[in-house]
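Engineer: Any chance you could fold what I've pasted below:
(2 chains)
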Amino acid sequence: MGTFSRCVAMAAIVCAAPMYAQAQTRDITGTVTQAGGIPIPDATVSVVGQQVGTRTNERGEFRLRVPAGDQIIAARVLGYKRVTARVLANETSRNFTLERDVLQLEGLTVTGQATTTDRRVAATAVATVNAAELNRVPARSVEGNLAGKVAGARVFENSGAPGGGAQIQIRGATSILGQGDPLYVVDGVIVSNASISSGASSLTRASGTSASGQDQVVNRLADFNPNDIESIEVLKSAAASAIYGARATNGVVVITTKRGRQGRATWNVTQRVGTQQQQRKLESRRFANYNEVKADTIGVAAGGTPRDWTGGAIGDAAAKIACNPDCPYYDWQGQLYGRTDPSWETLLSASGGANNTRFFASLNDKQEAGIMINTGARRTGGRVNLDQTFGTRWTAGLGLDITRNRLKRGFGGNANAGISPIYEFGYTPAIIDLQQRDATGRYVRMPFHGGGFNTANPFEVIEAAENDESVWRQAGNLRVAYTALASAQNSMQVTFLAGVDRFQQEGYQYSPNYLQFEPADGFLGTAQQSNGSSLQFNQGVNLVHTFTPSSSRLLTSATTSIGGSYETQETNIYRIRGRGLLPTRRVPVGAPDLLVENTKNDFRDQSFYVNEQLVLLDEKLALNASVRGDRGSANGDRQQFYYFPKFSASYRLVRPFTDKIDDIKLRAATGKSGNRPRYGDRDLLFADGGLIGGAGSLVSNTTLGNVNIEPEVMNELEFGTDITLFGSRLNFEFTRYQRKITNLLLSAPLAASSGLNAQIINGGQLSVLGTEGVISAVPIRRGRFEWTTRVIYNQNAQFTDNIPVPPFAPPNNFGVSYGRNRIQANTRSSLIWGNAPLRPCTVGPTCLTGFAVADTILFDSNPVHTTTFNNDFSFGPITLSGLVDWRNGGYVSNMTNNLYDEGGQSRDYQTAGAARFNRFRANDIRPYIQKGSYVKIREVTINYQAPASLAKRIPGATSLRFNVSGRNLAIISDYWGFDPEFNNFGNSNFNRFIDLAPFPASRQFFFSIDLGF
Amino acid sequence: MTTSELMKATNAPRNFMHSVPVVGALAIAAMLLSACSADRLEITNPNTPTVEGATSDPQSLQLQATGVLRRLRDGRGGFISTTGIFGRESFNYTPAEGRNTSDFLIGIAGANRIDPAGFANGNWGAQYLNLRDLFNLKNSLAASASITDAQKSAGLGFAKTLEGLELLYVLSTRDSLGIVVTIQADPTQLSPFVSRDSAYKYILTTLDEGNTALGNGGATFPFTLHTGFAGFNTPTTFRQFNRAIAARAAAYYATAGGGATAWQRALTALTASFINTAASTRAALDVGVYHPYSGTAGDAINPLSQTNANDLYAHPSIQTDAPTKADATLDNRYLAKIGTRASRQAPGGFGIASALGFNIYPTTAASIPIIRNEELILLRAEALLATGDKAGALTLINLIRTVSGGLAPSSLTAASPDNDVLTELLLQKRYSLLLEGHRWVDARRYGRLASLPLDISTGASRHFVARVQPIPQAECLARANAAAELFGPCALQK
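Structural biologist: Here you go, the predicted structure:
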């Protein structure tokens, strides 16, 4: 069947659906309560195996329309164990009593674009985080909330700057040049997690002229309010993510926001106040006297030239004055990063439902203060989710979200203009007071590190230079569902889904003409405006048919779904930079040096899928098979569909061997997912040759596009078992996976004599082999006291199996002298390569000690394992939770340390730094490839649920809760720098270990009061 | 509200809803139908011209022609500065980058050769990039439906002239190693290396074919040339430029095995070029074809300019070797072209200090010559000397001495030894064509590389004079699996 006729058929089904005949049905009513008769609102009651059901109201009451005959009905709600009951043909009522599900063994897991299945029959490893677990302690962005809570997903914060900037990597790197971030889906709609630089490089000159990936870029997940999230499910394996086809090799993060609950409207107000402080300090060297600054002999061989840390005549004069005769010491870092101003967060949410309408609405204002003066982030937003029932067959859901996100992240990371404070402090003896001002009110100049244009006084920079980001984001989704059929054994639902996600990100940099570094480029004063806008539009249709034979022991249910989608993503980025500003003018217009840049991207994708899901043998056996076809504008052949199949199966042994074992599930899954080419990889392009003699020109593009370019492909095989013991008091989950990624997007170098440099090709293979384990338990449950624990273990090994191009270093690194990954056949791709005297030799001028310097394997950036410990203790109204994160191994390129040693400023320069740097000078970079093991206390929180009597003293209030919490309270590590998690290049597939003068890490404390009305 | 009330409310708007489903379903079906169309996926890259879109554009011939002139210029600065270092004319004293000295003058320590993976393997990629563009331009000309056959011929002559010139730049730096002369339609297909002899023949043939095509090219090109071609911007006048390049190529070939036949070819070509031996002024010597520069956004500034090329220093021997005029002051060319700078030393102790710089290109908008009359006169002098007309050669040498250098005529006569006349000729060529990329090439052509000074002659930083630039390592790696390469220059330089 041709593509078009396939579409026509689907459209015809949608049209025909409303005319479908209605079969015999009856209503069943009842209540859902928990132990003690407390009603559970918003529980789902449905016929087992069917996708649709009804929800209980605030008194736990429900009414469910079911087909005639005996039916098995299930009642469930997140946080409780599911209960099923057989309702005989003549019965019309049934009550359910649910038990709490502390180990999270229940719930639904996503199996298709429009289908879910009970977690206990799921055939792939499931990772779901619910709202309570997610939001125990506030984080800068959702990624932070997820850290340590999902087996198989590693979360990294890129720096300590306020406002976000973090990466989630699921089961290792799957691409070298292609997209490395997971796909984010909110309420069924794909949303943007783009990382667009706001342009800090226009001032820092870290890389490029106007913007680069080294600008502490914030990925746009930072715009989401984690408090609106009901649950997050991470689809890790290709078998799970194959339902998202050609964009799913990096996994899919499925976010579900809160919906209205049936019944009286309830209001919640949370007011939070917090503070933050620098988690770790680098400190710096303390000089005894002028001679140490001017003529340092530490680490200098006898007769060698002493080292001069003054950086020239200006610095020398300043040092002479400062050291008289003893040098004073100023804690510059403590002064610059010592801000403990309050952070605020106000949350307001309302939820309710009456008649056919349910709503959830929230408002949120979060102000995060940065530890560096003049930095901070503020996110203000609101969300409305509406659910409406029209008659018995039609339902509609609507979600709208508007967010304003404003970030002042200051400067950090790499810089070549003396602008990044930590960078600058590495080269400047802390012997003068940089916070002094001269007679004109300006800060003193930085006399060291050359003292001229290429350096700066960070206090002045942070006060006077601006680097701001402002985002307006609007997202919305609409879901219309029609129940076409609800007969005795068959149900069918058609869903139409449309979503839009738009944001506009403005970046602004300004540096006034008087700043010390300004004359360096020959123009005084710089201003840059950046604008990045993104518009994504999705629409899709799903048709789900469920067959539930009433009296078959073999087949419990069969669910067939078919559907299709059309998605577009457009971005438009432009920047205007002006250098040489008129005094006090803060816009680029009229500047003698103007730079205008503009790039537009446009992706369009079409897909369709078929999915079959069988539950057999009294829910013991589950089988799932599906195939998705994708075609898109980024592929060489835009007409061609690429197919992504998946198969999975699980079998449950219910109470095998002994009653102590509740349930053993064996599962296996295999699937294929894709990663589409980058924008423009397919295009054969000319390049703008520039002007000559006033005329423009066309020249050939030195990188040749490939009209045959295809998506990268991942095949994954996953095996696992889930074992529940002792009446759900103990649960083991074990998963082993192997993924092979082929058809990699690569840049193949061409012989220069061909007249071109490289061509984009597909080829090669990466693979990942890994293990995930989760142990959940309730070790103690005595009276009102309960202790729940969960340990998550994570390990993988990543390989380059073969590569059809010469070995190369993947993007985002500083080369052989600082360590970087290298893609070379039959080698672990996570290894750090760099220069070290490790090649045995016998002769030659470079053979000094029997070993010559070579670019070789030094260490592995991949941790041996990461293990997290989640613990919850509850005693009546008091709960205490903690999350401890242990990373064992994983090496980091500590360029921060390198800077401080080169500049003679490291805190341990005399005892170790000089020796480190001498080895580095001898082309042995190993002293700066440092082990990044740590134990981090990520989250600690104490909750106190005040008695209702206390709450009622506040007019209208029904509940009152107090909370004290802390994030990143401590890091226990031998690592020399701030945090081994940080990366100068932000989100990267490889080379995610470059620590270069980052914005320091902070610990945060919060106190909050939560009132319910 | 009780449960039953709740359900009643749910059922209430049934009648109203009866027609909505059909309308809704139709609307959704319509949306889906349009979303399924594959036409939706056909989008064009707005950021950069696509080959498909640009070649069908009426402007494209002009833009491509300008493109090859732009790319020709892109390689020029690098050619002059690298051959300048090899030929002991110039230094690149970039602070903190010793390799700009060591890779050129020391090479692989103790091995007397240049590192194929180092800094001194240039004058390769930039030229082949342009050869690719010339290949594309020829295809575009052949496919164009909007120009006459005469214009096609004129365009072809233009392209072939530049093709010969670019190949000559590559060959003059690789010499006996041999080079690649052909561009393949499929860039993944490797062209073979050909010998120096074959390469010269290919270049001379290409230039001759260009000359013929220009002859059939009518009155105008199908595009306009920039101001650097003033006086040479019609097919007829452009032929003089073509012949000038052919004369240089033939002269180079003559000293590389082409012998007397090639010298004759050079003399013939010179006659058809814009040579003017009646030149009596500096301006007359400077007539020729140039690369223009400007500071306009998108354009490029002169990479060797006095104001901008701060790291470009002149070799001190330029001062000590400079001839003196009758009034005991130095040669006019020295005075005009060389100025003093703050003394700078090579980083890393790899070279010697210099306090001289070049004033040849005083501003960032100064043009750099491609070829000019002064070179043609000297080429004719070379050819005359080689073909036995020593007196004729001396006449031209003296023309240059007087007009260009302000010197007295040479004391040499037709009775002087050939070698002395050649020495004098090369001295004049050195000063006349200073920083135009000639001294190193000429020294090799006449077997005089050993006459170039070694600034550091002992120790670990010992200098040597490179005979050729190596084939870049990347080129060899890309060819590593080709059987034919086992015996090619890549195999030799391992």
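
Engineer: rest of the way, CA atoms for contacts and neighbours
Structural biologist: OK.

Engineer: any weak-confidence spans in the stretch 351-494 of chain B?
Structural biologist: Where the stretch 351-494 of chain B drops to pLDDT under 70, the residues are B:481-487, B:494.

Engineer: what does stretch A:651-659 contact?
Structural biologist: A:121, A:619-622, A:661-667, A:726 (CA atoms under 8 Å, 6 or more residues apart in numbering or on different chains).

Engineer: pLDDT-wise, what's the bottom of those?
Structural biologist: Among those, A:Val121 has the lowest pLDDT, at 77.

Engineer: what's around that residue, how many residues?
Structural biologist: Per other CA atoms under 10 Å in any protein chain shown, the neighbour tally for A:Val121 reads 23.

Engineer: Contacts only, for it.
Structural biologist: A:Glu619, A:Lys620, A:Leu621, A:Ala622, A:Ser650, A:Tyr651, A:Arg652, A:Lys665 are the contacts of A:Val121 under CA under 8 Å, 6+ apart.

Engineer: mind listing which of the residues you listed are in helices?
Structural biologist: Judged by DSSP state H, the contacts of A:Val121 include no members of helices.

Engineer: Which stretches in the stretch 201-350 of chain B count as strands?
Structural biologist: With DSSP state E, counting those that start in this stretch as the criterion, the stretch 201-350 of chain B has strands at B:288-291, B:312-314, B:338-344.

Engineer: what does the longest one contact?
Structural biologist: Among residues not part of strand B:338-344, those counted as contacts by CA under 8 Å, 6+ apart are B:Tyr93, B:Ala314, B:Ala353, B:Ser354, B:Ala355, B:Leu356, B:Gly357, B:Phe358, B:Asn359, B:Ile360.

Engineer: Export these as JSON lines, with columns for neighbour count, distance to B:Thr48 and secondary structure.
Structural biologist: Converted to JSON lines, these look like this (neighbours: other CA atoms under 10 Å in any protein chain shown; distance: CA to CA, whole Å; DSSP: H, G, I helix; E, B strand; the rest coil):
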{"residue": "B:Tyr93", "neighbour count": "22", "distance to B:Thr48": "37", "secondary structure": "coil"}
{"residue": "B:Ala314", "neighbour count": "26", "distance to B:Thr48": "41", "secondary structure": "strand"}
{"residue": "B:Ala353", "neighbour count": "19", "distance to B:Thr48": "46", "secondary structure": "coil"}
{"residue": "B:Ser354", "neighbour count": "21", "distance to B:Thr48": "45", "secondary structure": "strand"}
{"residue": "B:Ala355", "neighbour count": "15", "distance to B:Thr48": "45", "secondary structure": "strand"}
{"residue": "B:Leu356", "neighbour count": "22", "distance to B:Thr48": "44", "secondary structure": "strand"}
{"residue": "B:Gly357", "neighbour count": "24", "distance to B:Thr48": "40", "secondary structure": "strand"}
{"residue": "B:Phe358", "neighbour count": "27", "distance to B:Thr48": "38", "secondary structure": "strand"}
{"residue": "B:Asn359", "neighbour count": "18", "distance to B:Thr48": "39", "secondary structure": "coil"}
{"residue": "B:Ile360", "neighbour count": "21", "distance to B:Thr48": "37", "secondary structure": "coil"}
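
Engineer: Kindly reformat these as CSV containing distance to chain A.
Structural biologist: Output for the contacts of strand B:338-344, formatted as CSV (distance: CA to the nearest CA, whole Å):
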residue, distance to chain A
B:Tyr93, 20
B:Ala314, 26
B:Ala353, 21
B:Ser354, 23
B:Ala355, 23
B:Leu356, 25
B:Gly357, 22
B:Phe358, 23
B:Asn359, 22
B:Ile360, 20
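
Engineer: in these, which two residues are the furthest apart from each other?
Structural biologist: B:Ala353 and B:Ile360 (20.7 Å; CA to CA).

Engineer: Confirm B:Leu162 sits in a strand?
Structural biologist: No. With DSSP: H, G, I helix; E, B strand; the rest coil as the criterion, B:Leu162 is helix rather than part of a strand.

Engineer: can you pull the contacts of it?
Structural biologist: B:Leu72, B:Leu134.

Engineer: what about 10 Å?
Structural biologist: B:68-69, B:72, B:130-131, B:134, B:156, B:168, B:206-207, B:210, B:242, B:245 (CA atoms under 10 Å, 6 or more residues apart in numbering or on different chains).

Engineer: Tabulate those residues (a markdown table), appending pLDDT.
Structural biologist: As requested, these are exported to a markdown table (pLDDT from 0 to 100):
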| residue | pLDDT |
| --- | --- |
| B:Val68 | 97 |
| B:Leu69 | 97 |
| B:Leu72 | 96 |
| B:Asn130 | 96 |
| B:Leu131 | 97 |
| B:Leu134 | 96 |
| B:Leu156 | 97 |
| B:Leu168 | 98 |
| B:Thr206 | 98 |
| B:Leu207 | 98 |
| B:Gly210 | 97 |
| B:Asn242 | 98 |
| B:Ile245 | 98 |
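
Engineer: what subset of those residues is also close to chain A?
Structural biologist: When contact is defined as CA under 10 Å from any CA of the partner chain, those meet chain A at B:Val68, B:Leu69, B:Asn130, B:Leu131, B:Leu134.

Engineer: how far away is the second one from B:Gln428?
Structural biologist: The one in question is B:Leu69. 30 Å (CA to CA, to the nearest Å).

Engineer: the more surrounded of the two?
Structural biologist: With neighbours defined as other CA under 10 Å, B:Leu69 and B:Gln428 compare such that B:Leu69 has more, 26 against 22.

Engineer: Excluding covalently adjacent residues, which one is nearest to the more buried one?
Structural biologist: A:Ile692 (7.7 Å; CA to CA, 6 or more residues apart in numbering or on different chains).

Engineer: doesn't B:Thr66 make contact with that neighbour?
Structural biologist: Yes. The pair A:Ile692 and B:Thr66 passes the contact test of CA atoms under 10 Å, sitting 7.2 Å apart.

Engineer: Overlap in contacts, these two.
Structural biologist: Listed contacts common to A:Ile692 and B:Thr66 are B:Leu225, B:His226; contacts here mean CA under 10 Å, 6+ apart.

Engineer: among the contacts of A:Val121, who's most crowded?
Structural biologist: Most neighbours among the contacts of A:Val121, by other CA under 10 Å: A:Ala622, with 26 neighbours.

Engineer: what pairs with that one across the strands?
Structural biologist: Bridge pairing for A:Ala622 (DSSP bridges) gives the partners A:Val615, A:Ser650.

Engineer: For the stretch 351-494 of chain B, what lies in contact range of chain A?
Structural biologist: B:Ala460, B:Pro472, B:Gln473, B:Ala474, B:Glu475, B:Cys476, B:Leu477, B:Ala478, B:Arg479.

Engineer: The fifth one: how many residues sit nearby?
Structural biologist: A count of neighbours around B:Glu475, defined by other CA under 10 Å, yields 21.

Engineer: about what we covered before: and the residues of the stretch 351-494 of chain B next to chain A, which are buried?
Structural biologist: Taking 16 or more other CA atoms under 10 Å in any protein chain shown as the criterion, what is buried in those is B:Pro472, B:Gln473, B:Ala474, B:Glu475, B:Cys476, B:Ala478, B:Arg479.

Engineer: I'd like these as TSV, with distance to A:Ala481 appended.
Structural biologist: TSV is the format used below for these (distance: CA to CA, whole Å):
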residue	distance to A:Ala481
B:Pro472	64
B:Gln473	63
B:Ala474	59
B:Glu475	61
B:Cys476	63
B:Ala478	57
B:Arg479	60
